[in-house]
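Peer 1: structure, please.
(one chain, ligands or ions: 1)
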Amino acid sequence: MMRGNDKSKELSRRASRRIPGGVNSPVRAWSAVGGTPIFIESASGARLVDADGNSFVDYVGSYGPAILGHAHPQVAAALGEQARKGLGYGATIELEVELAEKIGTAIAAAEKVRLVSSGTEAAMTAIRIARAATGRTKIIKFDGCYHGHSDGLLVRAGSGGMTLAIPNSAGVPQAVAAMTSVARFNSLESVGGCFEANPDGVAAVIVEPVAANMGVVVPMPGFLKELAAAARRYGALLICDEVITGFRLCHGSIAEKYGVAPDLLVLGKVIGGGMPIGAVAGRADLLDLLAPAGPVYQAGTLSGNPLSVRAGLETLGLLSVPGTYERLDTLGARLGNGLADALKRSGVPGCVNRVGSLATMFLGPNAVCEADDARRSDTARFATYFHQMLERGIYLPPSQFEAMFVSLAHSEADIDQTVEAANQALGALAAA
Ligand code: KE4
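Peer 2: Below you'll find the model as predicted:
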């Protein structure tokens, strides 16, 4: 049981005086679930400890990077060693080359790689490359998918955009938003409609191959392959945003596992091992459009910084151990099946979507295949469920429209504790 949250309450009041909404990223604000966000004191393995000393099994995992669990000793030691060599130089180091080579070896489509400091930067750069390469302006994205907060991609955005019901951000000029057409995930008909509505041509289609920012939504069989074929037919580039899925669902690109070879890929999170990172990768002729090789400008003071690339290399090295992704899938299946059984036992309507170590339990709809299905979730009930789980020592993402992240540090006992807590929490919901 929780030991109170007085310290988090006091820190939240202090934070709100100096930081908008008291957070440095909206999804951390608990706007959709209510209550005071817990402030984290430390984390290790699958557990977090908050400022009041409460301990939780963690399913946020820094929203994806903590795939090894928090504070992995080998990664922490490597960071300490690297820091003693300096934090950054404004010049290139061998480790950047090594990380680009490792990504290129793992992902056939990643002939070249440009490292940046966030997924947002990487996605916006991929769009810029596509516009330069095709001479076209329009892009197609999917309702509920999230690709960071650059202007043109904050249209019908998922993650915080869905959570806070700000699908189209203020401050984005209508002229910019109009360059983005929005299709429905898993609907090839809506994709065709977007292409037909833009006779001047579309520069690129950007998609999360497994959507994870409207909650987890799995691509229907053949959807990604047909999407790639449609893009090719209309002369548009295909950009797969694998900021979440890259090196999480397999040792590389999940798009390639679905038989799709994207022209450009967006990566982040896991490849930095918890440190700030992003990457745009893909065909060499496209990446070579980037300055100084080509005319598309993109830059970053801390791009490829020594600490991020060292943490990323250590993490990818540990993830290359045979059996890693089978283990993640086994743990993810134990969690997903357990939550589905708990839903059924409670009689609370809902469904569980899962791919590997990514899972979302939707409360309300009995199937979620696209954003409008997800929007039919009972978010009030989810808020109650969130707090019921928190009381039982389980820390979930504070939104129905996020994914649960399972790490290699989660044990069967952690998963079973989570499922038992869900049985009790859903039972309480059903009885309310
Ligand atoms: P960042 O700019 O936050 O590093 O990455 C943006 C991004 C791009 N593409 C995908 C598929 C993403 O999921 C993200 C960021 N994910 C959210 C969680 N759903 C980050 C959490 C946050 O905004 O604080």
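Peer 1: report pLDDT for the closest residue to residue 392 other than its chain neighbours.
Peer 2: Distances taken as Cβ to Cβ, 6 or more residues apart in numbering put residue 421 closest to residue 392, at 3.8 Å, once the chain neighbours are dropped. Yep, even glycine has a C-beta here, placed from its N, CA and C like the rest. For residue 421, the pLDDT comes out at 98.
Peer 1: mind checking how far residue 421 is from the ligand?
Peer 2: 23 Å (Cβ to the nearest ligand atom, to the nearest Å).
Peer 1: wait, that residue sits on residue 395?
Peer 2: No: look at residue 421 against residue 395 with Cβ atoms under 8 Å: they stay out of range, at 10.8 Å.
Peer 1: any shared contact partners between these two?
Peer 2: Each of residue 389 lies in contact with both residue 421 and residue 395 under the rule Cβ atoms under 8 Å, 6 or more residues apart in numbering.
Peer 1: let me know the average pLDDT across stretch 27-41.
Peer 2: This predicted structure assigns stretch 27-41 an average pLDDT of 96.
Peer 1: which residues touch that stretch?
Peer 2: Residues outside stretch 27-41 that contact it (Cβ under 8 Å, 6+ apart) are 5, 7-9, 11-12, 21-23, 48-54, 56, 63, 159-160, 163-164, 379, 382-383, 386-387, 390, 395, 397-400, 402.
Peer 1: out of the residues you listed, which are inside strands?
Peer 2: If you go by DSSP state E, the contacts of stretch 27-41 have 48, 49, 50, 56, 395 in strands.
Peer 1: what sits against the last one?
Peer 2: What that stands for is residue 395. Residue 395 touches 38, 48, 56, 57, 58, 59, 60, 389, counting by Cβ under 8 Å, 6+ apart.
Peer 1: number of residues surrounding the nearest residue to residue 102 once chain neighbours are set aside?
Peer 2: Once flanking residues are discounted, residue 102 sits nearest to residue 316: 5.5 Å by Cβ to Cβ, 6+ apart. Using other Cβ atoms under 10 Å, residue 316 has 21 other residues around it.
Peer 1: got a list of what residue 316 touches?
Peer 2: Residue 316 neighbours (Cβ under 8 Å, 6+ apart): 99, 102, 106, 247, 251, 270, 271, 273.
Peer 1: how far away is the last one from residue 58?
Peer 2: What that stands for is residue 273. Noted for residue 273: a distance of 16 Å to residue 58, by Cβ to Cβ, to the nearest Å.
Peer 1: now swap in the fifth one and tell me
Peer 2: As for residue 251, its distance to residue 58 is 23 Å (criterion: Cβ to Cβ).
Peer 1: what about residue 274, which SS state?
Peer 2: Three-state call for residue 274 (DSSP: H, G, I helix; E, B strand; the rest coil): coil.
Peer 1: that one reaches residue 311, doesn't it?
Peer 2: Yes: judged on Cβ under 8 Å, residue 274 makes contact with residue 311 at a distance of 6.0 Å.
Peer 1: shared neighbours of those two, which are they?
Peer 2: Joint contacts of residue 274 and residue 311 (Cβ under 8 Å, 6+ apart) are residue 75.
Peer 1: isn't there a helix covering the residue nearest to residue 102?
Peer 2: Yes: with three-state DSSP as the criterion, residue 316 is assigned to a helix.
Peer 1: show me what the lowest-mean-pLDDT helix or strand in the chain packs onto, helices and strands only.
Peer 2: Least confident helix or strand of the chain, by mean pLDDT, DSSP states H and E, is helix 160-163 with a mean of 88. With contacts taken as 3 or more Cβ pairs under 8 Å, 6 or more residues apart in numbering; DSSP states H and E, helix 160-163 sits against helix 371-375.
Peer 1: if you count neighbours, what's buried in the helix it packs on?
Peer 2: 371, 373, 374, 375 (16 or more other Cβ atoms under 10 Å).
Peer 1: likewise for stretch 423-432?
Peer 2: Neighbour-count burial for stretch 423-432, counted by 16+ other Cβ under 10 Å, picks out 423, 425, 426, 427, 429.
Peer 1: taking these one by one, which sit in helices?
Peer 2: Judged by DSSP state H, helices contain the following of those: 423, 425, 426, 427, 429.
Peer 1: need the contact list for the residue in the chain that the ligand sits nearest to.
Peer 2: Taking Cβ to the nearest ligand atom as the measure, the chain has residue 119 as its residue closest to the ligand, at 2.4 Å. Contact analysis of residue 119 by Cβ under 8 Å, 6+ apart lists 147, 148, 241, 243, 266, 267, 268, 269, 278.
Peer 1: next structured bit after the lengthiest helix in the chain?
Peer 2: Across the chain, the longest stretch assigned as helix under DSSP H is helix 324-346. Later in the chain than helix 324-346, the nearest helix or strand by DSSP states H and E is strand 350-355.
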